[in-house]
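Novice: I would like to see how this sequence folds:
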Amino acid sequence: MAPNTTLFLLAGLSALSSLPKDTVSLRLEITRLESATKKEPGSTQGWNKLVIAHRRLARWRGDHSADGKAWVAVQKALAADPKDGEALALKGWAQAGMHDFEGAAESARWAAEEQPESAWNYGVLADALTELGRYPEAVEAVAEMMKRRPGVDAYSRAANLRALHGDREVAVALMKIAVEASSPNDPEGLAWCRVMLGREYQALGRHRDAQAEYELALATVSNYHLALFHLAESRASEGRLSSALETVQRLRRPPPPSRRRLWRVNSTSQWDAERGLGAHSPKWTVSLPSAIRGKPSRVGWPAFTPIAERTSNEPHPWSGPNSRLIRISRLGTV
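Specialist: Sure thing, here's the model as predicted:
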């Protein structure tokens, strides 16, 4: 978010002892780890660190070729030690990056059985189930996660599920908690949370609030591709097409394109309006698990109106494509 999914639940894995805080350092770390694993191919810790570094690069820069490298690295780790706990926990995460959500769900369930106290595995499971549209099971997974480690990762997933159930106001409240719970030691994680909060404001038609969050994300991570894309999307939705194009031009080195649609998000879809989900979805009144229950809408991001085309390797904007607008209606081809 479904918003995809590849949210980061990084706490609790020893391979995360010192994470780079910018993409230059991250790429240097990847080079160092690749060299180290060549020298010691039997080191599961080295391979595990490489999995995480590649997956972080995929989200930070929208470089989804790194997901394939993460998958290779986790296979190398498991080949070195099929019973390594961290490698088993990372397997489902890597599969999700490859969009093998059935495999990710299966791996996460197995890892959860082996490590029942780990919140990580339930987070990976929730993401995969959400992508598969199995929302009741995803709700249960987030509830299990919340029992074990309430925090930014659990709150952001709860927010996503509330949004999928049509309750945007509660989603906003939960994402605000996630922003407040974000660590300053993980600037990309904080920027990501601000972008997700902005998306919820945007879905409610609160473009000024949404754009403020995107600008804060950009202040945290310069030229953050997710913030730039959604800032352009919001400005285009307001009819500020020239400003949207200027914003999009700041996106650098987009991946090989496949033509997709850019969507304008309205507050309530026709399908939801017909069923009253916008006004009558369950409210967050008792507990966080109850806040993510209810009947999901047909689409994960309500009321899609095509206003432009973009280039992307992803099926929808949630998973963080490094995207750029290539044509906006009324302006012709650009």
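Novice: Next, work out how far apart residue 235 and residue 228 are.
Specialist: Distance of residue 235 to residue 228, computed by Cβ to Cβ, to the nearest Å: 11 Å. Bear in mind the C-beta positions are built from the backbone N, C-alpha and C, glycine included.
Novice: Now for those two: what residues contact both?
Specialist: residue 247 (Cβ atoms under 8 Å, 6 or more residues apart in numbering).
Novice: so the nearest residue to residue 247 once chain neighbours are set aside is in which element?
Specialist: Leaving out its chain neighbours, the residue that sits closest to residue 247 by Cβ to Cβ, 6 or more residues apart in numbering is residue 232, at 4.0 Å. Element membership for residue 232, per DSSP states H and E: helix 225-237.
Novice: could I get that helix in PDB with only the CA atoms?
Specialist: Written as PDB, here are the backbone C-alpha positions of helix 225-237 (Å, rounded to 0.1, in the frame of the first residue of the first chain):
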ATOM      1  CA  HIS A 225      11.300  10.400  -5.000                       C
ATOM      2  CA  LEU A 226       8.100   9.500  -3.200                       C
ATOM      3  CA  ALA A 227       7.600  13.000  -1.900                       C
ATOM      4  CA  LEU A 228       8.300  14.600  -5.300                       C
ATOM      5  CA  PHE A 229       5.900  12.200  -7.100                       C
ATOM      6  CA  HIS A 230       3.000  12.800  -4.700                       C
ATOM      7  CA  LEU A 231       3.700  16.500  -4.400                       C
ATOM      8  CA  ALA A 232       3.400  16.700  -8.200                       C
ATOM      9  CA  GLU A 233       0.300  14.500  -8.100                       C
ATOM     10  CA  SER A 234      -1.400  16.800  -5.600                       C
ATOM     11  CA  ARG A 235      -0.500  20.000  -7.500                       C
ATOM     12  CA  ALA A 236      -1.800  18.400 -10.700                       C
ATOM     13  CA  SER A 237      -5.100  17.500  -8.900                       C
END
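Novice: Give me the pLDDT value at residue 168.
Specialist: For residue 168, the model assigns a pLDDT of 95.
Novice: er, residue 296 I mean
Specialist: The model's pLDDT for residue 296 equals 42.
Novice: Equivalent analysis for the one 10 residues further on, please.
Specialist: Predicted confidence (pLDDT) for residue 306: 32.
Novice: for residue 59, same thing?
Specialist: 84.
Novice: Which strand or helix spans it?
Specialist: Residue-wise, residue 59 maps onto helix 44-61 under DSSP H and E.
Novice: okay, the angle between that helix and helix 225-237?
Specialist: Interaxial angle of helix 44-61 relative to helix 225-237 (axes from the mean of the first three to the mean of the last three Cα atoms, to 10 degrees): 20 degrees.
Novice: neighbouring contacts of the very next helix or strand once past helix 44-61?
Specialist: Toward the C-terminal end, the helix or strand that comes next after helix 44-61 (DSSP H and E) is helix 65-80. The contact list for helix 65-80 (Cβ under 8 Å, 6+ apart) reads 37, 41-44, 47-48, 50-52, 54-55, 57-58, 84, 86-88, 90-91, 94-95, 97-98, 255.
Novice: Report the buried residues of the next helix or strand after helix 65-80.
Specialist: Scanning forward in sequence from helix 65-80 by DSSP H and E, the next helix or strand is helix 85-97. Residues of helix 85-97 classed as buried by neighbour count (16 or more other Cβ atoms under 10 Å): 85-97.
Novice: what does stretch 173-193 give?
Specialist: 173-175, 177-179, 181-182, 186-193.
Novice: Quick one: end-to-end distance for it.
Specialist: End-to-end distance for stretch 173-193, by Cα to Cα, to the nearest Å: 12 Å.
Novice: Report the rounded mean pLDDT for stretch 79-91.
Specialist: 95.
Novice: measure that stretch end to end?
Specialist: End-to-end distance of stretch 79-91 (Cα to Cα): 12 Å.
Novice: tell me, how many neighbours does the residue nearest to residue 247 end up with?
Specialist: Neighbour count for residue 232, taken as other Cβ atoms under 10 Å: 29.
Novice: ok, it touching residue 244?
Specialist: Yes: with contacts counted by Cβ atoms under 8 Å, residue 232 reaches residue 244, the gap being 4.4 Å.
Novice: Excluding chain neighbours, what is closest to residue 131?
Specialist: residue 101 (4.4 Å).
Novice: Kindly apply the preceding question to residue 196 instead.
Specialist: residue 175 (5.6 Å).
Novice: ok now do that neighbour, which residues does it touch?
Specialist: Taking Cβ under 8 Å, 6+ apart, we find residue 175 in contact with 155, 156, 159, 193, 196, 197, 200.
Novice: what's the answer for residue 92, then?
Specialist: When contacts are counted by Cβ under 8 Å, 6+ apart, residue 92 touches 103, 104, 105, 106, 107, 108, 111, 121, 124, 125, 128.
Novice: Roughly how far does it sit from residue 239?
Specialist: 42 Å.
Novice: Likewise for residue 68?
Specialist: In terms of Cβ to Cβ, residue 68 sits 39 Å off from residue 239.
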